[in-house]
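In: structure of the sequence below:
(one chain, ligands or ions: 1)
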Amino acid sequence: MKILVINSGSSSLKYQVIAYETREVLCVGLCERIGIDEPLMSHKTNNGKEYKAVRDFKTHKDAVFAMVEMMTSKEYGIIDDLNEIKAIGHRVLHGGEEFTAPAQVTDEVKQAIRRCFAWGPLHNPANLTGIEVCEEIMPGIPQVTIFDTAFHQTMPAKAFLYALPYKYYEDLGIRRYGFHGTSHMYVSQEAIKLLGKEPEGTKIVTCHLGNGSSFAAVKDGKCVDTTMGLTPLAGIPMGTRCGDIDPAIVPYIMKAENLDPDQIDHIMNKESGMLGISGVSSDFRDLAATAKEGNERSQLALDIFTYQGKKIIASYIAALGGVDALVFTAGVGENDVNTRAEMLKGLEFMGIEIDHDKNANLRGKVGDISKEGSKVRVFIIPTNEELSIALQTVELLGLAD
Ligand code: AMP
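Out: All right, here's what the predicted structure looks like:
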């Protein structure tokens, strides 16, 4: 059974076709710069065929047509007929409080996604466009939405409510929603399997460290706290995002530099974090290389990241009342040996001990880097949001029965 997974962004469309039974990725593609100059399409199949070309995509509809053409083409195709696609799973950024689980696309669901536009002004409209274009071009194929926020909806009010006047929660929905939910769910479920336990009674801290980073505390398989907030700007400093700062800094800089809300938003989202501190790069590989050459601000950015991460891990262990396993995932978590070691340094008193040889030799694949006898297991689990979306799509539609 073949499932199409789509991530529709404001000017891009990413897709994968996954074979449910074998979990094999049959093809993966990207249409970028849609509606901008020189739109580009790339498409790769599991039998090594690769396509890359400048295309004339004016709209997402053009991109979906191109995707269908490529998937069914003689040279680069992986299906003979569109009917072989049994369902489509769409990634949607924000489901607000409306969605605690995946949902099959209906008019009501589309309406609810529209109600969440305010929370994901860049992503949600683009996600909905992807859904509507697929409905038009591939009618009759069931579609499912998977929300980045849904996994975190199990957080209790004490974890999700901000200490602002309560009316802002009631009237405007201001609260912590959390993101990277599909990733935190996927890696925590995989960690529970590695522990050989049922979800009930397990305590796990998941560390999704990439260009965007977030942590989640997962108890009994359910999220009880996470670091991102109303938007993905909150939590640990990230590639270009500032993460948590004193909120009074915002009006202070706005007044001092005579900035409007969009300008300060841009500074906090695009010019801060690792890039803002180092002045060098948002990329952890560049930071490590320049720090090694003696760049003090690159080293400082890395130190801030690992120090803040350590504090979050320890506080989540307190929130959980203990921990069975930590999981590192995403670009930095899966590959950056030094960041992992630094972040865990000093947490031995909590039963977290890693084997430095195992850590140094494990990149980008599933494994356990904890020391023999460590009370807490430390897993590396590459995230696979597309596979998780495909599996959740099949489950919701009952297609595997
Ligand atoms: P992601 O957003 O999950 O794709 O992660 C992107 C981040 O992962 C970038 O900052 C990369 O520098 C970092 N990254 C990817 N591979 C490595 C690696 N081998 N070592 C260190 N950092 C890496």
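In: could you pull out the helices in the stretch 101-250 of the chain for me?
Out: Assigned by DSSP state H, counting those that start in this stretch, the stretch 101-250 of the chain shows helices spanning 107-115, 124-137, 157-160, 167-172, 181-195, 249-257.
In: out of these, which is the most enclosed?
Out: Among the helices of the stretch 101-250 of the chain, the stretch with the highest mean neighbour count (mean count of other Cβ atoms under 10 Å) is helix 181-195, at a mean of 22. Where you see a C-beta, it was placed from the backbone N, CA and C, and this is true even at glycine.
In: residues contacting the nearest residue to residue 96 once chain neighbours are set aside?
Out: In space, and not counting its chain neighbours, residue 96 is closest to residue 116: 4.3 Å by Cβ to Cβ, 6 or more residues apart in numbering. Going by Cβ atoms under 8 Å, 6 or more residues apart in numbering, residue 116 touches 94, 95, 96, 98, 124.
In: now residue 116: how far from residue 161?
Out: Residue 116 is 19 Å from residue 161, where distance means Cβ to Cβ, to the nearest Å.
In: get me the contact residues on the stretch 251-400 of the chain for the ligand.
Out: 283, 284, 285, 330, 331, 332, 335, 336 (Cβ under 6 Å from any ligand atom).
In: read off the pLDDT value for the closest residue in space to the first one that isn't next to it in sequence.
Out: Meaning residue 283. Setting aside the residues directly before and after it, residue 283 is nearest to residue 239 in space (Cβ to Cβ, 6+ apart), at 7.1 Å. The model reports residue 239 with a pLDDT of 96.
In: let's see the pLDDT reported for residue 94.
Out: pLDDT at residue 94 comes out at 93.
In: what's the closest non-adjacent residue to it?
Out: Distance criterion Cβ to Cβ, 6+ apart; nearest residue to residue 94, sequence neighbours excluded, is residue 120 at 3.6 Å.
In: and stretch 132-148, does that touch the ligand?
Out: No. Stretch 132-148 lies out of reach of the ligand by Cβ under 6 Å from any ligand atom, never closer than 13.8 Å.
In: what distance separates that stretch from the centre of its chain?
Out: 21 Å (Cα atoms, centre = their mean, to the nearest Å).
In: wait, residue 314 sits on residue 347?
Out: Yes. Taking contacts as Cβ atoms under 8 Å, residue 314 lies within contact range of residue 347: 6.5 Å.
In: can you point out the buried residues in the helix of greatest length in the chain?
Out: Secondary structure of the chain per DSSP state H: the longest helix is helix 296-320. Residues 298-299, 301-302, 304-306, 308-310, 312-314, 316-317, 319-320 are the ones in helix 296-320 that count as buried (16 or more other Cβ atoms under 10 Å).
In: stretch 260-280 now?
Out: Residues of stretch 260-280 classed as buried by neighbour count (16+ other Cβ under 10 Å): 264, 267, 268, 269, 272, 273, 274, 275, 276, 277, 278, 280.
In: out of these, which is nearest to residue 246?
Out: Lowest distance from residue 246 to the buried residues of stretch 260-280 (Cβ to Cβ) belongs to residue 268, with 12.4 Å.
In: with that, I have no additional questions.
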